[in-house]
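Undergrad: just coords:
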């Protein structure tokens, strides 16, 4: 896992590339490198976290054998050994990295190579002969790639927004994105970011840039297209269940390919318990893969009893990371700086704490259980999909559509975007799943997870987001996804014999912390300070009297949704004087 940066166009200034590299150093502390074309029209930078082939041979930017192509690559292609064999075998390669395999795959197949890659990735390849940039992002946007079009039709790209600001792009809030977030609670649902001039390359897309033609973007993967072309799965439940279990095992095996220690995030829910049990089944009873669980020492939100049940009679070491209220003030600033944009509150802080501990004990790679809920309809609201509007977005911490315009200045509220998400299927549940995978839940979850792990130079892998598992889930008839009101029905059945029965049949539990209690309790003064800072910094956004009245009601015990409070704190953390820049 790494950080990449690129500057393309005339007027290259070395300080900009160096500033970008400094801003991304946490993503790759093991080595850094840069390459600048002879004419100064292209520059690539790379910060390396060594995971495969730890030798200097794996350093980047990396050139093809003839020196025509140069790559800066972030991510992991897990089937690199199989591709390596297809592309000529060990003798055709100088390193043991997947980077060189990706470069060779592009050299052989061009953009079509993307369809052969199983993994998470964002990379940029410069063709020195044709003076052409090719950059791509993985199917579900697990790895980030931000771009901005600079003066003179130039293009800048980087793994994080802060690198673009470090290179000289002004740090100006994008009013429409902030308005949409503050009024509708939506974020990471489009390519827009919270900062003017910066946007994401969409998941499953690639771009081509040349000095003459400028920028062109293309979609190379859309799960709706794949699923529609394949059609609904008409095989027996037994056949599909067997395939699912085989894919789960293979996906986990592939994601254990590393030359550094690997651990697992264990929350105690079905997905992470299934992941841990698959690891145990694959590696054997003496498997000592370390497990990491966070807690807030509050029995209402404590996952450790379930995690302890999964760990019983295994050789795995267990690392319990405890988040306490007195850690929040400093951590919130650190995490806001890492995220660059509003994040998911105390759960994101707890994730950061977990990865910090993993670094302290020397575990470089962790596996996580994201993806099954979206692919196999695990969220409770999927069961009532016929009553929901798929064009609306799910708001964190809320069960109904959020309208927070009463707390905003009218000028800002009018700027809010009301997105219409596509509904490509006749099945309303499948439409909601598609919305969550492509536009709503998964994009923000991947951003939170990537920054929370990479701020501590840890690599986070998502076995259940293997595209074959996702596509298999989306293709199933409804009663294999939801049966008798129970979501993820077929994965639950596949988990029989692997996961304790109580966990396998338990209802979906959201990953929670005592955020609502802490904000009106031990963190009340801290929250109050940041809310006042937000009002002072952005009186053109927030209706101060209305916000303070709502805050006073909340802090006095009225209401149970802390999300609006966290929104106001986020304005302070990211936009106030002394905030996390």
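TA: Now that the structure is in, tell me what you want to look at. On a predicted model such as this, the values are computed, not experimentally measured, just so you know.

Undergrad: didn't residue 482 look like it was pressed against residue 382?
TA: Yes. Contact criterion CB atoms under 8 Å: residue 482 and residue 382 qualify, at 6.2 Å. No exception for glycine: its C-beta is placed from N, CA and C like everyone else's.

Undergrad: common neighbours of these two, please.
TA: Residues touching both residue 482 and residue 382 (CB atoms under 8 Å, 6 or more residues apart in numbering) are residue 429.

Undergrad: of the two, which one has the most company?
TA: With neighbours defined as other CB atoms under 10 Å, residue 482 and residue 382 compare such that residue 382 has more, 24 against 21.

Undergrad: I figured that one hits residue 432, correct?
TA: Yes. Judged on CB under 8 Å, residue 382 makes contact with residue 432 at a distance of 5.9 Å.

Undergrad: helices or strands next to the longest helix that the chain contains in the packing?
TA: In the chain, with assignment by DSSP state H, the single longest helix is helix 237-254. Applying 3 or more CB pairs under 8 Å, 6 or more residues apart in numbering; DSSP states H and E, we find helix 237-254 packed against helix 270-283, helix 467-474, helix 489-494.

Undergrad: what does that helix contact?
TA: By CB under 8 Å, 6+ apart, helix 237-254 touches 78-79, 118, 233, 274-275, 278-279, 281-282, 367, 463-464, 466, 468-469, 472, 476, 480, 490-491, 493-494.

Undergrad: stretch 552-572 now?
TA: Applying CB under 8 Å, 6+ apart, the contact partners of stretch 552-572 are 178, 181-182, 185, 332, 336, 342-343, 345, 395-398, 402, 404, 407, 515-516, 519-520, 524, 527-535, 537-538, 541-542, 547, 550-551, 579.

Undergrad: ok, of those residues, which come out buried?
TA: Listed as buried from the contacts of stretch 552-572 are 178, 181-182, 185, 332, 336, 342-343, 345, 395-397, 402, 404, 407, 515-516, 519-520, 527-528, 530-535, 537-538, 541-542, 547, 550-551, 579; burial here means 16 or more other CB atoms under 10 Å.

Undergrad: filter those down to just the ones in helices.
TA: 178, 181-182, 332, 336, 515-516, 519, 527-528, 530-535, 537, 547, 550-551.

Undergrad: what stretches of the stretch 451-581 of the chain score poorly on pLDDT?
TA: Residue ranges of the stretch 451-581 of the chain with pLDDT under 70: 502-511, 578-581.

Undergrad: can you do 80?
TA: Within the stretch 451-581 of the chain, the stretches falling below the threshold (pLDDT under 80) are 500-512, 577-581.

Undergrad: and the contacts of helix 237-254, which are buried?
TA: Buried among those (16+ other CB under 10 Å): 78-79, 118, 233, 274-275, 278-279, 281, 367, 463-464, 466, 469, 472, 476, 480, 490-491, 493-494.

Undergrad: ok, how many other residues are close to residue 110?
TA: If we define neighbours as other CB under 10 Å, then residue 110 has 10 of them.

Undergrad: let's verify it: helix, strand, or coil?
TA: helix (DSSP: H, G, I helix; E, B strand; the rest coil).

Undergrad: measure it to residue 406 for me?
TA: 52 Å (CB to CB, to the nearest Å).

Undergrad: and what of residue 385?
TA: For residue 385, the distance to residue 406 (CB to CB) stands at 29 Å.

Undergrad: which one's more surrounded, those two?
TA: residue 385 (19 against 11).

Undergrad: what's near enough to touch that one?
TA: 428-429, 431-432.

Undergrad: let's see if you can find the most crowded of the residues you listed.
TA: Neighbour max across those (other CB under 10 Å) = residue 432, 27 neighbours.

Undergrad: for that one, list the residues it contacts.
TA: By CB under 8 Å, 6+ apart, the contact set of residue 432 is 381-382, 385, 388, 390.

Undergrad: pLDDT-wise, which helix or strand of this structure ranks last?
TA: Lowest on mean pLDDT, DSSP states H and E among the helices and strands of the chain sits helix 501-504, with a mean of 66.

Undergrad: now distance to residue 168 too, for the helices and strands packed on helix 237-254, in TSV please.
TA: Output for those, formatted as TSV (distance: least, CB to CB, whole Å):
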stretch	distance to residue 168
helix 270-283	42
helix 467-474	37
helix 489-494	48
